[in-house]
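In: next one to model:
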Amino acid sequence: MKTQKAIQITEAIREAIKDAGQDGIPSGHLYAMLMGFMSLHTYQAVIDILVKTKQITNNSHLLKSL
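Out: Numbers count the residues shown, from 1 in each chain. Coordinates of the predicted model:
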């Protein structure tokens, strides 16, 4: 159950970054929208997973979908 929720959260964040378009979204802005729902530690873990799996880039805290 927890694994499925983690996958859903990761997918939702990936989609939000994709929806930001070619210009991307500053990581701090995205976290500000999500901070009522998750800790900074959890948010950073999700971003790290997305970067490591080459679904997004994180260049100077600017997140872009690949």
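
In: what residues does the longest helix along the chain touch?
Out: In the chain, with assignment by DSSP state H, the single longest helix is helix 2-19. Outside helix 2-19, the residues that touch it by C-beta atoms under 8 Å, 6 or more residues apart in numbering are 24-25, 30, 33-34, 38, 43, 46-47, 49-50, 55-56, 63-65. (Each C-beta comes from the backbone N, C-alpha and C, glycine too.)

In: can you turn the buried part of those residues into a ChimeraX selection?
Out: This is how ChimeraX selects the buried members of these, with burial counted by 16 or more other C-beta atoms under 10 Å:
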select :24,25,30,34,43,46,47,50,55,56,63,64,65
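
In: so which of the contacts of helix 2-19 belong to helices?
Out: 30, 33-34, 43, 46-47, 49-50.

In: dump stretch 15-26 to PDB, keeping only the CA atoms.
Out: Listed next in PDB are the C-alpha coordinates belonging to stretch 15-26 (Å, rounded to 0.1, in the frame of the first residue of the first chain):
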ATOM      1  CA  GLU A  15       3.500  15.300 -14.300                       C
ATOM      2  CA  ALA A  16       3.600  18.700 -12.600                       C
ATOM      3  CA  ILE A  17       7.100  19.200 -13.800                       C
ATOM      4  CA  LYS A  18       6.100  18.100 -17.300                       C
ATOM      5  CA  ASP A  19       3.100  20.400 -17.300                       C
ATOM      6  CA  ALA A  20       5.400  23.400 -16.500                       C
ATOM      7  CA  GLY A  21       6.600  23.100 -20.100                       C
ATOM      8  CA  GLN A  22      10.000  23.700 -21.700                       C
ATOM      9  CA  ASP A  23      11.000  26.500 -19.300                       C
ATOM     10  CA  GLY A  24      10.700  24.100 -16.400                       C
ATOM     11  CA  ILE A  25       9.800  25.100 -12.800                       C
ATOM     12  CA  PRO A  26      12.100  26.300 -10.000                       C
END
